[in-house]
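Visitor: pasted the sequence and its predicted model underneath.
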Amino acid sequence: MSDMTLESQHSQPIAQRRIGLVFMLRQDPFAFAAVVVLVLFALLAVLGPTLLGDIATSMNLRARNAPPFELERGFWYLLGADALGRPILARVILATRTTLLIAGAAVLLSMVVGSVLGLIAGYRGGFLGDAILRLTDIVMSFPSLLLALVVLYVFDPAITNVIIVLAITRVPIYLRTVRAEVMEIRSRMFVTSARVTGAGPVRLIGKHILPMVFPTIVTIMTLDFAFVMLAEASLSFLGLGVQAPNVTWGVMVAEGRNYLSSAWWLSFWPGLAIALVTMSLNLVSNWVRMVIDPVQRWRLEGKGEK
Amino acid sequence: MARHFAKRALWSAISLFALVVAVFFMSRMTGSPADLYLPLDAPTEMRVQFEHLHGFDRPVYEQFFSFLGDLLRFDFGMSLRQGLPAIDLVLQALPTTLLLAFYSITIALVVAVVTGALAAWRPNSIFDRIATVLSLIGASLPNFWVAIIGVIVFAVTLRWVPTSGTGSVAQWVLPIAVLALRPAGLIVQVARSSMISVLSSAYVKTARAKGAPSRRILFVHALRNGMLPVITVAGDQAAGIINGAVIVETIFGFPGVGKLMIDSINYRDFAVIQAGVMVTAIAIFLMNVLIDLAYLGLDPRTREEMV
Amino acid sequence: MNDTLLKVSDLSVEFRNGSTVNKAVSGVSWDIRRGETLAILGESGSGKSVSASAIMGLIDSPPGRITSGRAEFDGMDLLHLDDAERRRINGPRIAMIFQDPLAHLNPVYPIGWQVAESMRLHGVSPEEARRHTLELLERVGIRNAKARLKDYPHQFSGGQRQRIMIAMAIALKPDLLIADEPTTALDVTVQAQILDLLTELRRETGMAVLLITHDLGVVAQTADRVVVMKDGQVVERGDVREVFGAPAHPYTRQLLDAVPGKSRFRQPEAAGERLLEGRGVAKFYPISAGWFGRPVETLKALDGVDFDLHKGETLGIVGESGSGKSTLARTVLGLTRPTSGEIRWRGRNVAQMSAAELFEMRRNLQVVFQDPTASLNPRMSVAEIIAEPWAIHKGFLPRAQWKDRTVELLENVGLRAEHAERHPHQFSGGQRQRIAIARALALQPEVILCDEAVSALDVSVQAQVIDLLRKLQTQYALSYIFIAHDLPLVRDFADRILVMKQGKVVEEGTAQEIFERPREPYTMELIAASPDAVPRSESRWRSAQ
């Protein structure tokens, strides 16, 4: 993701640019660790369910609420077991795919819808632009969680519905940012220059405006991925997220709520997984922002050349 | 200025109306509440009577217009679950939520602005690095998880605070801390970057050329300018803090609007959902007015734009 | 009076940017005497402001670092002061004013508060400070000062803001006032007023003034002595009349030669074909809309402007800010529609043109804007930038020839073939403007509109770009609309000149007519206010010694 934003930033040959990027990443231990964490979870999401087989779903009543760090039941019980005796480690891995899938789909959907509407609102302006903006005001004027709860109660909480609801609550973020950026870039002199030469809207948007907005969109997407994950987890936690047999980390935290005083690990581990991923996303987004911003960039480069 | 607020109120009224209409029709789509409130084997005449009593047998548009009429009188009807006027239930729960939100956002603002400003004074210093990492963690942690850990550690294990209820001061500590965490983390990041750019601005240079001491430059010349983006973010957080309140109230058993809403959704208590949506939206509108006023007070340049 | 007030010796400052070290000044020495005006003259990147920042302790460290030098002032070394000593100097003894007064005044505090603060910081009681603030503001010429104490910086004009900065600076009667490009962003007539004010105050208080500027005219008219800087070093110093009369260093000579306003007037030839004409062009903007969007007030940005542009000529348009010259440019370019009146291209009303006709007109009418950094897409390579017009006007040039033609154009504007693969940020300001000119030439237009095209450039670069424009004009029989606020530039380059004020053309004529026989008082005022780069002993701004 960050690779794409950099390509247009630089004039060096691509290979050299890639090396520079990896090099700069290595200079920032936090960002580097975050990327490693994200890659790890992405791998788990892709491979996890196939590798696990039925380990995560087979019940073992003798291992009900088994505490963590006891190895006699085998590796999968390292993090303990849940109320039905299923190993938590395996269930966390199983839930990775659904959790990331929901968040990723919601982010993509809200990004596409929000950016397109924002582009129209910012480029056309006028009444249409105003109307689009007001529509987002309605969405933004109300707590997204309550809104999602009401909607999900009406339409049953199937995965697609959860994705759509989450996407709707995030559309305004893209819409507003893209609109503001497009309006600003539209009035820049190099766009005016192209207009004066006779460039049409397709060229102005495609060649001049979108490439400038793109890095911002990517930054919001990384941040928003974290936000959507938290929102999905909150919904699931309140019982209106995805339903069994599907499982996400948020669902797992909710399931463990009833055993807080006797078996804390039921909620702790899936919550930690959420925290790790959201934190890594925030770190990476911070780093990407720094790389994109030429004013801050020299700090990263400077450190490398010493 | 009056025009600005009138315009704003008008738009808010329109969004509010759209919201109320949406919620009305959506809640009517969930099926009859009779299924939930009467025993499964209730005779048909009992169901009919129940639906007639609450007007559920009339056509939806008729229900809608009578609903709108009542709305103007702030009458949302009776709660099916508790048999009390819905609006009373919501207004009863409102102070708890408002207090919770007020304390959290105030604490978050004060802590975060001071931290952000000090971090910006010497960027890349040890303090700045620690503040940056902590704020990032604060902004990333899921609040229900923090709440649960808080309960395990402070209520179950250490027994410092009770697990739920609103009776004593101690019971407010955890909920407020949990609720303040995320906004605080976000605001530190905004305050820091805003203060860094303000501190390198031309008027700070003027203040130095005038011979102003460092503390005065930071807190008199820079802070007020640096607060402007912070106020905007705090405004965006106004709706967010209600999101958090829903979670926190559920976990800590706080009798606020958030918990009331969740319960009402679970029990298909239309009237209370409607009243809750309306009151929350109005509260958020008023919060945004306050933020506008704060902006006006802080930045004289906006005064003319808003006229 | 010949006692030295401040003596800077062997000052070196460097800035670290990542791993690269940039020596901003190295081994700079100068001194200033009580009551005199010393000018530090230099172009961008010369390091002319750095020594003043060092004296005031305004160099941020990191990235800046003072590596050597002393600044003796009253027995102290200003480069090595602790915080308490620094506060006793900044304000009471040495004060400073800057180029952009809007940015340098705090936007959220009333101006009265800000002026009073400069006194209260140094122990003046609040009542005393308030009273004195009023006196000061009246002294610097803020009309109705009492009522305006509570107003904010954005409610004042540029000139008034600089007056407020000056009031703040002289509040504690400093021994030295450092003025860093104090009039650069201001209109010429306002510049003249501010220079008048500074001169009067200097005579009244006996303070010395250190004037940092790039403007040779301002130096010639106001300074007693001058220090010329280039690339972080002093290349020449001495009495202004001597330095300007007989420059010893080649760089000073080059600077003086580059000053516009000395060449012979261009004599318009017999008028060629009329390409562009404007008849009664007007553009009104609603300032404040009423409740239902009814405009309550309108700003008349253009108020009935007539103009003609013939083939091969240069039409100069001069005016101060708010004169409507930029709106006129936007209207001619079709970026905004006139409220009334019409613009005709080869006799065809632009407003009634078909899309194809408009497209063809755009091919023939190109533009070069003021800020070359902003007008080139930072993400495109120079080759892409120059080729973009061909991509838009398909069929103008087959793609196979783009590369050769790009090289040709680059060489035409004084750049080299290998520059094609670079990005705009790798060039200097003057080079970027050359790229913009190459792009404007790509479609072989008949008219190029230059909207303050050289205003942001250094004098010596300015001269080079103007030479280039001249060369291209003869080479391609181009017509220029040359919009500028700088009169000497227009004097040298234009055949005919329009003088604009508040949306109207106040005077029109050949360059010679306008400059030698101006009829309108406003034109005369403009010409008088524009400082001449030849020092005269009777200058109204210089102290008689």
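Guide: It's in. Residues are numbered from 1 along each chain as shown, chains lettered A, B, ... in the order given.
Visitor: show residues contacting stretch B:88-108.
Guide: Stretch B:88-108 is contacted by residues B:79, B:82, B:166, B:172, B:175-176, B:179-181, B:183-184, B:187, B:234, B:237-238, B:241-242, B:244-245, B:248-249, B:254-260, B:272, B:275-276, B:279, B:283 when judged by Cβ atoms under 8 Å, 6 or more residues apart in numbering or on different chains. Quick note: C-beta positions are derived from backbone N, CA and C, even for glycine.
Visitor: apply 7 Å and report the result again.
Guide: The contact list for stretch B:88-108, computed with Cβ atoms under 7 Å, 6 or more residues apart in numbering or on different chains, reads B:79, B:82, B:166, B:175-176, B:179-180, B:183-184, B:187, B:234, B:237, B:241-242, B:245, B:254-258, B:260, B:272, B:275-276, B:279.
Visitor: now do the buried residues in it.
Guide: Of all the residues in stretch B:88-108, those buried under the rule 16 or more other Cβ atoms under 10 Å in any protein chain shown are B:89-90, B:93-94, B:96-98, B:100-101, B:103-105, B:107-108.
Visitor: can I get the residues you listed in TSV with secondary structure?
Guide: Converted to TSV, the buried residues of stretch B:88-108 look like this (DSSP: H, G, I helix; E, B strand; the rest coil):
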residue	secondary structure
B:89	helix
B:90	helix
B:93	helix
B:94	helix
B:96	helix
B:97	helix
B:98	helix
B:100	helix
B:101	helix
B:103	helix
B:104	helix
B:105	helix
B:107	helix
B:108	helix
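Visitor: the contacts of stretch B:88-108: which ones sit near chain A?
Guide: For chain A, the contacts drawn from the contacts of stretch B:88-108 by Cβ under 7 Å from any Cβ of the partner chain are residue B:242.
Visitor: filter the contacts of stretch B:88-108 down to the ones in helices?
Guide: Within these, residues falling in helices by DSSP state H are B:175-176, B:179-180, B:183-184, B:187, B:234, B:237, B:241-242, B:245, B:257-258, B:260, B:272, B:275-276, B:279.
Visitor: and the stretch 201-307 of chain B, which residues reach chain C?
Guide: When proximity is defined as Cβ under 7 Å from any Cβ, the stretch 201-307 of chain B approaches chain C at B:202-203, B:205-206, B:208-213, B:221, B:224-225, B:298-301.
Visitor: give me the buried entries from these.
Guide: By 16+ other Cβ under 10 Å, these give B:202-203, B:205-206, B:208-212, B:221, B:224-225, B:298-300 as buried.
Visitor: closest one to residue C:517 out of these, please.
Guide: residue B:202 (43.2 Å; Cβ to Cβ).
Visitor: just confirm the closest one contacts residue C:105, I think it does.
Guide: No: counting by Cβ atoms under 7 Å, residue B:202 stays clear of residue C:105, with 8.5 Å between them.
Visitor: domain assignment for chain C?
Guide: Under the assignment the TED database, the domains of chain C span C:36-58+C:83-258, C:312-339+C:348-529.
Visitor: end to end, how far does the longest one reach?
Guide: Spelled out, it's domain C:312-339+C:348-529. This stretch, domain C:312-339+C:348-529, spans 31 Å end to end (Cα to Cα, to the nearest Å).
Visitor: now do it: distance to the chain's middle.
Guide: Taking Cα atoms, centre = their mean, to the nearest Å, one finds the center of domain C:312-339+C:348-529 at 17 Å from the center of the full chain.
Visitor: what is the mean pLDDT for it?
Guide: Confidence over domain C:312-339+C:348-529 (mean pLDDT, whole number) is 91.
Visitor: does chain A sit close to it?
Guide: Yes: using Cβ under 7 Å from any Cβ, we find that domain C:312-339+C:348-529 touches chain A at C:333, C:335, C:359, C:362-363, C:367, C:369, C:371, C:374-377, C:379, C:381, C:388-389, C:392-393, C:422-423.
Visitor: list only buried entries from those.
Guide: Buried by 16+ other Cβ under 10 Å: C:333, C:362-363, C:367, C:369, C:371, C:374-377, C:379, C:381, C:388-389, C:392-393, C:422-423, out of the residues of domain C:312-339+C:348-529 next to chain A.
Visitor: of those, which belong to helices?
Guide: C:362, C:363, C:374, C:375, C:388, C:389, C:392.
Visitor: who are the packing partners of the helix or strand hosting residue B:232?
Guide: Taking DSSP states H and E as the definition, residue B:232 sits inside helix B:223-252. Under the contact criterion of 3 or more Cβ pairs under 7 Å, 6 or more residues apart in numbering or on different chains; DSSP states H and E, helix B:223-252 touches helix A:144-154, helix B:86-121, helix B:143-150, helix B:170-199, helix B:257-266, helix B:270-298.
Visitor: now the ones you listed in a markdown table, with mean pLDDT?
Guide: Below are the helices and strands packed on helix B:223-252 laid out as a markdown table (pLDDT from 0 to 100):
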| stretch | mean pLDDT |
| --- | --- |
| helix A:144-154 | 78 |
| helix B:86-121 | 89 |
| helix B:143-150 | 85 |
| helix B:170-199 | 87 |
| helix B:257-266 | 85 |
| helix B:270-298 | 82 |
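Visitor: who's in contact with the closest residue to chain B within chain A?
Guide: Chain A approaches chain B most closely through residue A:271 (3.4 Å), counting by Cβ to the nearest Cβ. Residues near residue A:271 by Cβ under 7 Å, 6+ apart: A:253, B:142, B:145, B:148.
Visitor: for chain C, see how far away it is.
Guide: From residue A:271 over to chain C the distance is 41 Å, taken as Cβ to the nearest Cβ, to the nearest Å.
Visitor: and the angle for the one helix or strand that residue maps to with helix B:170-199?
Guide: Assigned by DSSP H and E, residue A:271 belongs to helix A:265-292. Put simply, helix A:265-292 runs at 10 degrees to helix B:170-199, going by axes from the mean of the first three to the mean of the last three Cα atoms, to 10 degrees.
Visitor: so what's the residue count around residue 223?
Guide: No chain specified, so I'll use chain A. 21 (other Cβ atoms under 10 Å in any protein chain shown).
Visitor: not quite, I wanted chain C
Guide: Neighbourhood size, residue C:223 [other Cβ under 10 Å]: 28.
Visitor: list the residues that contact it.
Guide: C:37, C:38, C:39, C:211, C:240.
Visitor: please repeat the previous calculation with a cut-off of 8 Å.
Guide: C:37, C:38, C:39, C:211, C:240, C:542.
Visitor: for residue C:170, what are its contacts?
Guide: Contact analysis of residue C:170 by Cβ under 8 Å, 6+ apart lists C:95, C:136, C:140, C:177, C:201, C:205, C:207.
Visitor: kindly indicate which of the buried ones among the residues of the stretch 201-307 of chain B next to chain C lies nearest chain A.
Guide: Nearest member of these to chain A, counting by Cβ to the nearest Cβ, is residue B:202, at 16.5 Å.
Visitor: need the nearest residue in space to residue C:432, chain neighbours excluded.
Guide: Nearest residue to residue C:432, sequence neighbours excluded (Cβ to Cβ, 6 or more residues apart in numbering or on different chains): residue C:372, at 3.5 Å.
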